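S.K.: show me how the following folds:
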Amino acid sequence: MPRRRRTLSVTGLAVSAVAALALSSAATRAQTPAIDTTTDLLAPSPEIGDNPPPKPRRRASPATVAAQGQFGQGQAGQDQLNQDQAPPTGTFTTPSRIGATPVYGSPPAFGAGQTGYDSTNTGRYKKQARTPQPAFPGQDVPETTFAPLPTLTPPPPLQPTPVAPAPPIAADVQPAKAASRRGAALPALPEALPVSNPPAEVHPLAAANRPGATVPVPQPIDINQLNATAPPALPKAPALAPLPPTTLPPNVLPFNMVPQRLLPIAEGDPYAPLGLRAGSFVLLPSLDLAGNYSTNPLHSATTPSAAASFIGMPELQAISDWDRHSLTADIIGSYTEYDENLVPSLNVPYFSSKIDGRVDVTHDTQIVVENRYLLNTDNPGSPNLQAQLARLPINTDLGGTLGVVQEFNRLSFALLGTYDTAQYDDSLLTNGQQVSNVARNFDQTAGILRLSYDLDPGLKPFVQVQEDERTHPFDSQRNSTGTSVQVGGDIDLFGSLTGEMAGGWLVRSYDDPTMANISGFIANGDLIWQATPLTTAKLGASSEVYETTVAGASGQFTHDVNLEVDHAFVPWIIGILQTGYGTDNYVGSPLRDSRYFVSAGLVYKMTREVQLRTQIRQDWQFATEAGLTYTATSVLVGMHLQR
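M.R.: Okay, here's the model as predicted:
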C-alpha cells in the first residue's frame, strides 16, 4: 500500500528558516572584504590587500637560521623560521580551509623565470654572482670584493705584429664647385702605369672607376710572341727579300757599325726588353755606346797605324699589335769618330731603315709592301776607292717592294716587284780636288716569283725565280740583266731547327760584249739551331753581284758564310763566338781575295735596361795583289741601353 508522507509542523518550518538565514549571513560576510578607501585605485600594488600573492620561499642555510635566532627578526621572522623548520612530531600541520575563498586556474606569473620581474610586478631572486677569475696566471682570488688585491707584477705584454696600412683610396671630390673653393684639399693624382703595360680594359667602366675598385694588373708584353699567330709581313730570308744592291757583305762592314744582336735562347730571356706602348704599336728603342781600338783601321798593307774610336748607335724597332694586317719598322743609325786625323778620314755615318707592311685582303690573299733606305760608305781598303782620298765618299740606296701572296690550300705563290736607285757622292782628294762618281749611279728593277708547297708542318720547300735589270744613266755600257733560280725550304723541324735556306744558280749578262758575263752558284739564307736550352747556333750564307770600278772587271761576285754560337753561362752572362769566310771574285780581272775573321765576345746583363759588352776580333784578307792584303785586330768595350 502506498506510503504516507508526514505532514510538516509549524515548529519545523520555523527552525529551517532560521538555519538558512544564519548560513546566508555567514557566507556573505566571508566574500565581501572591507574596503580601504586610503589606497589609490589607479596604482594598485600586489603588496596591498587582504590576500597578497605568496612570495616564493627557499630553504635557509644553517648560518642564516643561527643569525636570525641571535639578533631576532620579530614575529614575522619567527614565523618564517617556523615555516622553514620541520614541525614537531605528532603535530597536525594541515591548514584549515574553512572560510577560505577557493582559487581556480593557474596563479599569476606561473610561467615566469627566476630573475627580474614578472607580470605581477613582484621581484624575482637574482642569480648568485660568479667567482671572479684571476686576471693572469698566479693571481690569488680574494674572499670578498672589498679585500685588496695582492700585488703581483704581471708578465710583459706581447708586442703586436705591425700591419702595413692599406694604401689610401683616391678620393672622388663631388661636386666640382666644392673642389674649386679656396683652401679645398684635392687628392693627389694616381701615378700612371708604364706605357709598356697598358691598363686592362674593365667593363662596365662605371664599376671600374668606383672608389676601392680593384683593376687587374696587366701582364708584361712578350715581344717574341707578339703577332706570332699572324703570318709575317714579308719573309725575312734574303731569297725572297733581297738586300739593296749596295749593301756590303756582313763580314766586310767596319767593326761594330751595325748592332750585334744576340741569338734567341730556348730557356727564354728574362732580360728581354718590354718596349713602350704607343697607341697600337710597341716601340723598342736602344742605344749602343762603345769605345773601339784597332791596330789597322785603314786596312793598309804597308803602313798600318793604330787608332781609337768612339761609336754611338741608336736603334728603334716598331711592331704593330693588330688582329689583322701588320706593320713593322727597323731603323738603325751610327756614327764613328776617330781620335786621330787618319787619311782618308774614317769619321763616317751609317743609316739603315726598313719598313715592312702587310694587308690581309682575305684569309688567303695578302698584299705585301716594303720601303728601305740605306746610307753607307765603301769599306776602307776596297779596290773600288780612288787613291789619295781625304774622306770616304757616301752612297745612298732608296728602294721599295710591292707584291701579292696567294694561297691555294697547301700551295702558295708570291709575285713581287722591286725597285732600287743607288747614288754616289763625289770623292774629295787630299789636294782639295773633287772627283765625280756619277758613273757609278744605277737603277735596278726586279721581278720575283716564288712557288711553295706545305709538304709537312715543319718543311715547306719552294722554288724562286728572279729577273732583274740594272741601268746606268751615265754609263750605258755597264747595263746588265740578271737571272737566278733557287731551290730551298722554310724549315721548322724538331722544335729546335728553324730558318730558311736556298741554293741555286745565277747568270748576269752585260750589254757591252767586251765585258765578261758572270755566272755561278749562289746560296742565301739563315738557319738557327737551338742545340741545348742554353746554346744556340746560327749559320748564314749570302751571295751577290756588286758593281765595281776595277779596270777590266764587269762585276764583283761575292760569297760569304758565317757561323755564330751563343751560350748562356747564366741568364745574365752570354758568351759569343763568331767566325766567317768570304771570297771576292772580280770577274774579267785577275784580282781575287779571300777574307777570314774570328771574334769572341761577352755580354753582361746588369738589368733589363743596361748591358755591358766586350768583344775582340781578328781579320785577315789575302789578295792576289799585294797592296790589298792586310791583318787587323780590334777590341771593343761598350754599353747597350734598351727599353
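S.K.: confidence score at residue 475?
M.R.: Looking at residue 475, its pLDDT reads 86.
S.K.: isn't it right up against residue 436?
M.R.: No - with contact defined as Cβ atoms under 8 Å, residue 475 does not count as touching residue 436 (11.7 Å). Quick note: C-beta positions are derived from backbone N, CA and C, even for glycine.
S.K.: tell me which of those two has more neighbours.
M.R.: Neighbour count, other Cβ atoms under 10 Å: between residue 475 and residue 436, residue 475 has more, with 15 against 11.
S.K.: dig out what residue 490 forms beta bridges with.
M.R.: In this entry, residue 490 is beta-bridged to residue 460, residue 500, by DSSP bridges.
S.K.: residue 474 versus residue 548, what's the distance?
M.R.: Using Cβ to Cβ, to the nearest Å, we find residue 548 at a distance of 16 Å from residue 474.
S.K.: for the two, work out which one has more neighbours and name it.
M.R.: Neighbour tally, residue 548 and residue 474, criterion other Cβ under 10 Å: the higher count belongs to residue 548, 22 against 11.
S.K.: confirm that the more buried one sits in a helix.
M.R.: No - using DSSP: H, G, I helix; E, B strand; the rest coil, the assignment for residue 548 is coil, not a helix.
S.K.: any weak-confidence spans in the chain?
M.R.: For the chain, the stretches flagged by pLDDT under 70 are 1-242, 249-256.
S.K.: got the residue ranges for the helices in it?
M.R.: 10-31, 62-71, 74-84, 176-179, 205-208 (DSSP state H).
S.K.: contacting residues for residue 294?
M.R.: Counting by Cβ atoms under 8 Å, 6 or more residues apart in numbering, residue 294 touches 255, 306-309, 632-635.
S.K.: just residue 247 next, same as before
M.R.: So residue 247 contacts 374, 376, 397, 544 (Cβ under 8 Å, 6+ apart).
S.K.: how much space separates residue 279 from residue 568?
M.R.: Taken as Cβ to Cβ, the span from residue 279 to residue 568 is 34 Å.
S.K.: out of these two, which sits in the more crowded spot?
M.R.: Ranked by neighbour count (other Cβ under 10 Å), residue 279 and residue 568 place residue 568 first, with 22 against 8.
S.K.: who is that one paired with across the strands?
M.R.: Residue 568 has these beta-bridge partners by DSSP bridges: residue 574.
S.K.: what's the answer for residue 284, then?
M.R.: In this structure, residue 284 bridges to residue 317 when assessed by DSSP bridges.
S.K.: please renumber so the chain begins at 2
M.R.: Renumbered: residue one is now 2, and that last one reads residue 285.
S.K.: count of neighbours near it?
M.R.: As a burial measure, residue 285 scores 19 neighbours (other Cβ under 10 Å).
S.K.: what's near enough to touch it?
M.R.: 224, 274, 276-277, 317-320, 643-644.
S.K.: give me that answer again for 6 Å
M.R.: For residue 285, the contacting residues are 274, 276, 318, by Cβ atoms under 6 Å, 6 or more residues apart in numbering.
S.K.: ok, how many other residues are close to the second one?
M.R.: The criterion is other Cβ under 10 Å. On that basis, residue 276 has 23 neighbouring residues.
S.K.: could you check how far it is from residue 609?
M.R.: For residue 276, the distance to residue 609 - Cβ to Cβ - is 11 Å.
S.K.: can you check the last one too?
M.R.: As for residue 318, its distance to residue 609 is 16 Å (criterion: Cβ to Cβ).
S.K.: more neighbours, these two?
M.R.: Set side by side, residue 318 and residue 609 show more neighbours around residue 318, with 18 against 14, by other Cβ under 10 Å.
S.K.: surely the more buried one meets residue 332?
M.R.: No - contact between residue 318 and residue 332 fails when scored by Cβ atoms under 6 Å: they sit 7.7 Å apart.
S.K.: in this structure residue 326 contacts residue 361, no?
M.R.: Yes - with contact defined as Cβ under 6 Å, residue 326 reaches residue 361; the gap is 5.5 Å.
S.K.: out of the contacts of residue 248, which are inside strands?
M.R.: 375, 377, 398, 545 (DSSP state E).
S.K.: between the residues you listed, which is closest to residue 407?
M.R.: Comparing the ones in strands among the contacts of residue 248 against residue 407 with Cβ to Cβ picks out residue 545 as the nearest, at 28.4 Å.
S.K.: mind listing what the closest one touches?
M.R.: Residue 545 is in contact with residue 559, counting by Cβ under 6 Å, 6+ apart.
S.K.: give me the distance between it and residue 525.
M.R.: Look at residue 545 and residue 525: by Cβ to Cβ, they are 9 Å apart.
S.K.: in space, what's closest to residue 401 - neighbours in sequence excluded?
M.R.: Leaving out its chain neighbours, the residue that sits closest to residue 401 by Cβ to Cβ, 6 or more residues apart in numbering is residue 372, at 5.0 Å.
S.K.: so that neighbour sits right up against residue 356, yeah?
M.R.: Yes - counting by Cβ under 6 Å, residue 372 does reach residue 356; the two are 4.7 Å apart.
S.K.: and residue 574, how many neighbours does it have?
M.R.: A total of 12 residues lie near residue 574 under the criterion other Cβ under 10 Å.
S.K.: which residue packs closest to it, ignoring adjacent ones?
M.R.: residue 605 (5.7 Å).
S.K.: residue 577 too?
M.R.: residue 602 (4.0 Å).
S.K.: what bridges to residue 333?
M.R.: residue 316, residue 353.
S.K.: what's the local residue count around it?
M.R.: Counted with other Cβ under 10 Å, residues neighbouring residue 333 total 20.
S.K.: before we move on, what about residue 385?
M.R.: By other Cβ under 10 Å, the residues close to residue 385 number 18.
S.K.: with residue 563 instead?
M.R.: 19.
S.K.: ok, now how distant is the closest residue to it other than its chain neighbours from residue 640?
M.R.: Nearest non-adjacent residue to residue 563, counting by Cβ to Cβ, 6+ apart: residue 581, 4.1 Å away. Separation of residue 581 from residue 640 (Cβ to Cβ): 25 Å.
S.K.: cool, residue 513 as well?
M.R.: Residue 513 sits 51 Å away from residue 640, going by Cβ to Cβ.
S.K.: with residue 285 instead?
M.R.: Note on residue 285: its distance to residue 640, by Cβ to Cβ, is 17 Å.
S.K.: what do you get for residue 524?
M.R.: Residue 524 sits 36 Å away from residue 640, going by Cβ to Cβ.
S.K.: more neighbours, the two?
M.R.: residue 524 (19 against 14).
S.K.: show me what contacts the closest residue in space to that one that isn't next to it in sequence?
M.R.: Computed as Cβ to Cβ, 6+ apart, the closest residue to residue 524 that is not its neighbour in sequence is residue 542, at 4.2 Å. Residues in contact with residue 542 (Cβ under 6 Å, 6+ apart) are 524, 526, 562.
S.K.: next: residue 302.
M.R.: 628, 630-631.
S.K.: need the contact list for residue 351.
M.R.: Counting by Cβ under 6 Å, 6+ apart, residue 351 makes contact with 258, 335.
S.K.: on that earlier part again, residue 429: which of the contacts of residue 248 is nearest?
M.R.: Minimum distance to residue 429 across those is 17.1 Å, recorded for residue 377 (Cβ to Cβ).
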